[in-house]
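**Q** Next come a sequence and a model predicted from it.
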Amino acid sequence: MNIARYQWVDALRGLSMVWMTVFHLCFDLANAGLIQANFYQDPRWTVQRTCILSLFLLCAGAGQAIALAQAQTWQRFGRRWLQILGCALLVSAGSYLMFPNSFIYFGVLHGMAVMLLITRFVGARARSLWLLGAALIALQWLAPWAINAGWWHSALNQPSLNWLGLISIKPITEDYVPLVPWLGVMLWGMAAMQWILSRAATHALQQADVAALRPLAFLGRWSLTYYLLHQPVMLGALWLWQRV
C-alpha cells in the first residue's frame, strides 16, 4: 500500500535537513580548527540543535499519524524501521572511528528506532497525546531533581539506562537523543497531525503542490539516505580542500 504524501510535511523535514547540514558543516570546520565555536556549551549552537531536532521529530510524529490514518501495514512499517536501525548501527560504527571516547551509541536514529515503535502502539490508543507528550518533556527537569534527592537511583545515569533520558549527568557522546524529552516531541507531532487530519480541509492539503517547495519536499522524502551520506561527503570534501 502506498502512503499518500503531504508536500508541506516533506518540505518541513527537508528544511530540517538543510539546517542540520549547515550546523554540521560549522561543526566540522570547528573540529578542523578552521573556526572557533563551542558546540557543547554556547547557546547559539545548543539552541540551534534543539530546534533542528525538534522540527525533525515533529515531522516524524506527523508522518506516523499519516501512516496510521492511511492504514499502513506492519510489513511496510517494519521495512522502514529496519532501515533506520541499520543506519543507526552504521552511525555508531562511523562515530567510533572518529570519536572513540565519545562515539554515538544513542543518537537521533537510535532514538527514532525506539520512539517509532512506541508511537506505533500508542498513537491510536492514548486519550491525549498532548498530555502524555507534555509529561515526558517535563520529566527532563524532574529527573535530575529526583536523582539528586535520592528518590530515583543514580544508575539511571549509566549508559545501560541513560537512553531513557532520566538523568542528572549528561553523558559524553557526540549525539544524544533519549526518550525523555524527545519522545514527547514526537508525540506532539503526531497529535498535531491527527488534529489536522480531522479537519475538513485535509484533502486540499494532501493535494497541494507548491513548486517552490518541491526541492525541500524531495529532500524530505529521502531524509534517511541524506542523513547517512551528508557527513561523509562533507568530511571528504573538507579533507580534499585542506590538501589542495
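**A** Looks like it came in fine. Residues are numbered from 1 along each chain as shown.

**Q** Help me confirm that Phe103 is found in a strand?
**A** No: looking at Phe103 with DSSP: H, G, I helix; E, B strand; the rest coil, it is coil, so not inside a strand.

**Q** Can you give me the distance of it to Ala67?
**A** Distance of Phe103 to Ala67, computed by Cβ to Cβ, to the nearest Å: 31 Å. Placement of C-beta: from N, CA and C, glycine included.

**Q** do the same with Pro178
**A** Distance from Pro178 to Ala67, by Cβ to Cβ: 24 Å.

**Q** likewise Leu53?
**A** Counting by Cβ to Cβ, the gap from Leu53 to Ala67 is 21 Å.

**Q** And the pLDDT for Asn2?
**A** pLDDT, Asn2: 56.

**Q** mind starting the numbering at 17 from now?
**A** Sure thing, new numbering starts at 17, so read that last one as Asn18.

**Q** Buried ones in stretch 169-180, by neighbour count?
**A** Buried residues in stretch 169-180, defined by neighbour count with 16 or more other Cβ atoms under 10 Å: Leu172, Asn173, Asn178, Trp179, Leu180.

**Q** Tell me which of Leu69 and Ala83 has more neighbours.
**A** More crowded of Leu69 and Ala83, by other Cβ atoms under 10 Å: Ala83, with 21 against 18.

**Q** just checking, that one touches Trp97?
**A** No: using Cβ atoms under 8 Å, Ala83 is not in contact with Trp97; the gap is 11.4 Å.

**Q** Mind giving me the packing neighbours of the top helix by length along the chain?
**A** In the chain, taking DSSP state H as the definition, the longest helix is helix 59-85. With contacts taken as 3 or more Cβ pairs under 8 Å, 6 or more residues apart in numbering; DSSP states H and E, helix 59-85 sits against helix 23-47, helix 124-138, helix 195-213.

**Q** if we go to 6 Å?
**A** Applying 3 or more Cβ pairs under 6 Å, 6 or more residues apart in numbering; DSSP states H and E, one finds that helix 59-85 contacts helix 23-47, helix 195-213.

**Q** what's in contact with the first one?
**A** It stands for helix 23-47. Among residues not part of helix 23-47, those counted as contacts by Cβ atoms under 6 Å, 6 or more residues apart in numbering are 51, 53, 55, 64, 68, 71-72, 75, 78, 224, 229, 232-233, 235-237, 239, 242, 246, 250, 254.

**Q** Let me know the closest of the buried residues of stretch 169-180 to Val138.
**A** Of all the buried residues of stretch 169-180, Leu180 has the smallest distance to Val138: 16.0 Å, by Cβ to Cβ.

**Q** Any stretches of the chain with poor pLDDT?
**A** Applying pLDDT under 70 to the chain flags the ranges 17-19, 216-220.

**Q** Would you mark the buried spots in stretch 237-250?
**A** Arg237, Ser239, Tyr242, Tyr243, Leu244, Gln247, Met250.

**Q** scratch that, stretch 151-158 is what I was asking about
**A** Leu152, Ile153, Leu155, Gln156.

**Q** Enumerate every residue touching the spatially closest residue to the third one that is not a sequence neighbour.
**A** Think Leu155. Leaving aside its sequence neighbours, Leu155 sits nearest to Val196 (Cβ to Cβ, 6 or more residues apart in numbering; 4.6 Å). The contact partners of Val196, by Cβ under 6 Å, 6+ apart, come to Leu152, Leu155, Gln156, Gly181, Leu182.

**Q** which pair in those spans the largest distance?
**A** For the contacts of Val196, the farthest-apart pair by Cβ to Cβ is Leu152 and Leu182; their separation is 10.4 Å.

**Q** Run a quick check on Cys103 versus Leu125, I expect a contact.
**A** Yes: with contacts counted by Cβ atoms under 6 Å, Cys103 reaches Leu125, the gap being 5.4 Å.
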